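J.: prediction below, plus the sequence it came from.
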Amino acid sequence: MNKIIESFKNKKVRYGSFSTLMIIIAVAILILINLVAERLNIKADMTVNKTYSISDESKDILSALNEDVTIYALARTGEEESMFSSAVGQLTFKELLTQYERISGRISVEYRDPYLYPTFAEQYADADTTVPINSVIVVGAKRHKVILPTEMITTDYDMNSFQEYVTTIDIEPRITNAINYVTAESTSVVYSVSGTNEAPLPDTLKSQISMANYDIKDVDITLSDIPEDATILFVTQPSRDWTAQAAEKVRVYLQNGGRAVFAISFVGDSMPNLNGVLETYGVTIGEYIVLEGSSDHYVMSNPMYMVPDVADHDITKSIRERSYRPMMIQSSGVEQTTVKKNSITVEPILTTSDLAYGKTNTQATTIQKEPDDVDGPITMMAAVTDSYYTDEQHVTKLVVIANASFTSEQVNEIMGGANFLLLVDSLNWLQDKDDTVFIPSKSPESTATLTMTQNQVVMFAFLSAITVPLSIVAVGLFVWLRRRHS
């Protein structure tokens, strides 16, 4: 025992013991920090698209809730933590739902095993439909919304490996907009016009519109009247002109405060009945094809693949904030008529450069500007408002896009979703809505990368290059001084 006590009087032993103690203290501090961080749920999501956390847009919606909402997740008992694990990683789906509860006391999350509660989902299913496992049901006081697993996870098939793989994750956009939907005072119905072989809306665009809390239906204006619940008509490119009767139905609808989107272009044949409806509101589709003369305003070395200038407008707020640029392929122009009512306002949304021109001879063998061509700049998208008073205020709104390909899924993908975002924002403007949020889809876990901002780079550089070395020097200096004076 005496030998052990004497050994501690040795300088080497004392210094070694001190170093060991410092290491133990440092490890204990790290363990304590981790325990506190885990206890307080302090985490930092540094993936490029915030795969493991909900966005600020969702947080804003949740903080404004004034009624209770219940989120039911249909999962097998014991498998709640692995829902969509192949796409978003273990625990991620459950953690996302937990974050909804944590941010708002109005949100509660419950899991239901379809095998233990076989009839639970039936009360929320539409006629002749079922709600499959891994679905999510968002229930509010006024209504509910069912989110299918295929709507939250988008997959594709690899023809080389013959395996299915995840392309996008829409869990947060679907759930947040479902919360918005079930708590909204009322809902809007968008009717896609058909009857003259119109171009159908792609499923991806329908999905975006649905996520923005619009119901989507079809109406054949050649056979049916426009339904009373129609809040917006969506007109895409017809293969032939409307009949006079169909055009009159749309005109009467608009005159009674209707709202509509027109995404059509000149394709070689005049459409006097359809254009006659637009002319009532001071605009018409120009009978020419636009070519862009500025290389800053087109892509793929093709002057008809145009990236127009974006005006400052309520419709364009989202894409301007995100620096998105929409694209138009083989577009016409939105022309203002020489005579229009004083109550009508036409606001350009997307325009060409001054160097653009409209090719009036679509059979021309040259793309060079000719004397009869229309001079730029040319408006290719416009917002039209007709507001006047009688015994009450009457407001009709149109969004006119002189481009049939604007609703194309392929064109939208090229520009990172800018076209569809602009279309959804157009619907919101038509309905005077500002409560719809746009949350981009997220990438699968396998493609998520660690990306740091410049501030984060500076912070970690400061820690690694200055703070840590100085700490080591300080500890060494402290030990050296202790030794010197011992």
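T.: Good, I have the coordinates.
J.: let me see the domain layout of this structure.
T.: As given by automatic domain parsing, the domain ranges for the chain are 1-45, 56-167+442-447, 187-430, 458-486.
J.: list the contacts of Thr129.
T.: By CB atoms under 8 Å, 6 or more residues apart in numbering, Thr129 lies in contact with nothing. For every residue, glycine as well, the C-beta is placed using N, CA and C.
J.: which residues touch Ser323?
T.: Taking CB under 8 Å, 6+ apart, one finds nothing in contact with Ser323.
J.: helix/strand/coil for it?
T.: coil (DSSP: H, G, I helix; E, B strand; the rest coil).
J.: got the phi/psi numbers for it?
T.: In terms of degrees, to the nearest 10, the main-chain angles of Ser323 are phi 60, psi 30.
J.: among the domains of the chain, which comes closest to Asn177?
T.: When the domains of the chain are compared by CB to CB, domain 187-430 sits nearest Asn177, at 4.6 Å.
J.: what's the spacing between that closest one and its chain's center?
T.: Remark: domain 187-430 is offset 21 Å from the chain centroid, using CA atoms, centre = their mean, to the nearest Å.
J.: what about it, start to end distance?
T.: Domain 187-430 has an end-to-end distance of 14 Å (CA to CA, to the nearest Å).
J.: cool, and stretch 331-341?
T.: End-to-end distance for stretch 331-341, by CA to CA: 27 Å.
J.: from here on, call the first residue 58.
T.: Renumbered: residue one is now 58, and that last one reads stretch 388-398.
J.: which parts of it are buried?
T.: Ser388, Ser389, Gly390, Val391, Glu392, Lys397 (16 or more other CB atoms under 10 Å).
J.: what's the most buried one of the domains of the chain?
T.: Highest mean neighbour count among those (mean count of other CB atoms under 10 Å): domain 244-487, with a mean of 18.
J.: dump the buried residues of stretch 388-398 to CSV, plus pLDDT and secondary structure.
T.: Converted to CSV, the buried residues of stretch 388-398 look like this (pLDDT from 0 to 100; DSSP: H, G, I helix; E, B strand; the rest coil):
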residue, pLDDT, secondary structure
Ser388, 93, coil
Ser389, 93, coil
Gly390, 94, coil
Val391, 95, strand
Glu392, 94, strand
Lys397, 85, coil
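J.: and which of these is nearest to Val532?
T.: Checking the buried residues of stretch 388-398 against Val532 with CB to CB, the nearest one is Ser388 at 68.1 Å.
J.: what packs against the longest strand anywhere in the chain?
T.: For the chain, the longest strand by residue count, based on DSSP state E, is strand 436-446. Secondary-structure packing of strand 436-446 (3 or more CB pairs under 8 Å, 6 or more residues apart in numbering; DSSP states H and E): strand 391-393, strand 401-408, strand 450-458.
J.: let's go with 6 Å and repeat that
T.: Contacts defined by 3 or more CB pairs under 6 Å, 6 or more residues apart in numbering; DSSP states H and E place strand 436-446 against strand 401-408, strand 450-458.
J.: among the buried residues of stretch 388-398, which two are most distant?
T.: Ser388 and Lys397, at 22.4 Å, using CB to CB across the buried residues of stretch 388-398.
J.: ok, which of the helices and strands packed on strand 436-446 comes nearest Trp299?
T.: Evaluated over the helices and strands packed on strand 436-446, closeness to Trp299 peaks at strand 450-458, with 15.4 Å, by CB to CB.
J.: now the closest one against strand 436-446, angle please.
T.: 170 degrees (axes from the mean of the first three to the mean of the last three CA atoms, to 10 degrees).
J.: run through who's touching the helix or strand just after strand 450-458.
T.: Next in sequence after strand 450-458, counting helices and strands by DSSP states H and E, comes helix 466-471. For helix 466-471, contacts defined as CB atoms under 6 Å, 6 or more residues apart in numbering pick out Pro259, Thr261, Met384, Ile386, Ser462, Asn476, Phe477.
J.: got it, and stretch 153-170?
T.: The contact list for stretch 153-170, computed with CB under 6 Å, 6+ apart, reads 111, 116, 119, 122, 125-134, 137, 177.
J.: equivalent analysis for stretch 205-220, please.
T.: Contacts of stretch 205-220 (CB under 6 Å, 6+ apart): Phe141, Ala144, Asn191, Ser192, Glu221, Tyr222, Val223, Thr224, Thr225, Asp227, Ile228, Arg231.
J.: kindly recompute the last result at 10 Å.
T.: Stretch 205-220 has contacts (CB atoms under 10 Å, 6 or more residues apart in numbering) with 131, 140-141, 143-145, 150, 186, 188-193, 221-232, 235, 261, 264, 267-268, 498, 501.
J.: quote the end-to-end distance of that stretch.
T.: Distance between the two ends of stretch 205-220: 22 Å, counting by CA to CA.
J.: check stretch 251-266 too.
T.: With CA to CA as the measure, stretch 251-266 spans 18 Å from end to end.
J.: could you do stretch 246-258 as well?
T.: 15 Å.
J.: so of the contacts of stretch 153-170, which ones are in strands?
T.: Those of the contacts of stretch 153-170 lying in strands (DSSP E): Val126, Thr127, Ile128, Tyr129, Ala130, Leu131.
J.: shaky segments in this protein?
T.: Residues of the chain that meet the criterion pLDDT under 70 lie in 58-76, 94-109, 142-148, 213-214, 219, 491-495, 497-521, 525, 540-543.
J.: wouldn't Thr394 be in contact with Thr337 here?
T.: Yes - if you go by CB atoms under 10 Å, Thr394 and Thr337 touch, sitting 9.4 Å apart.
J.: helices along the stretch 58-207 of the chain, start to end?
T.: Along the stretch 58-207 of the chain, the segments classed as helices by DSSP state H, counting those that start in this stretch run 59-64, 68-96, 113-120, 142-145, 149-160, 206-209.
J.: ok, now the stretch 258-407 of the chain?
T.: Using DSSP H, counting those that start in this stretch, the helices of the stretch 258-407 of the chain run over 260-268, 301-312, 329-336, 374-378.
J.: what about Gln488, how many neighbours?
T.: The number of residues packed near Gln488 is 17, by other CB atoms under 10 Å.
J.: please name the nearest non-neighbouring residue to it.
T.: Ser245 (5.4 Å; CB to CB, 6 or more residues apart in numbering).
J.: please verify my assumption that that neighbour contacts Leu290.
T.: No - counting by CB under 10 Å, no contact exists between Ser245 and Leu290, whose distance comes to 11.9 Å.
J.: shared neighbours, these two?
T.: Both Ser245 and Leu290 are in contact with Arg316, Leu487, where contact means CB under 10 Å, 6+ apart.
J.: closest to Val532 out of the helices of the stretch 258-407 of the chain?
T.: Of all the helices of the stretch 258-407 of the chain, helix 374-378 sits nearest to Val532, with 47.8 Å by CB to CB.
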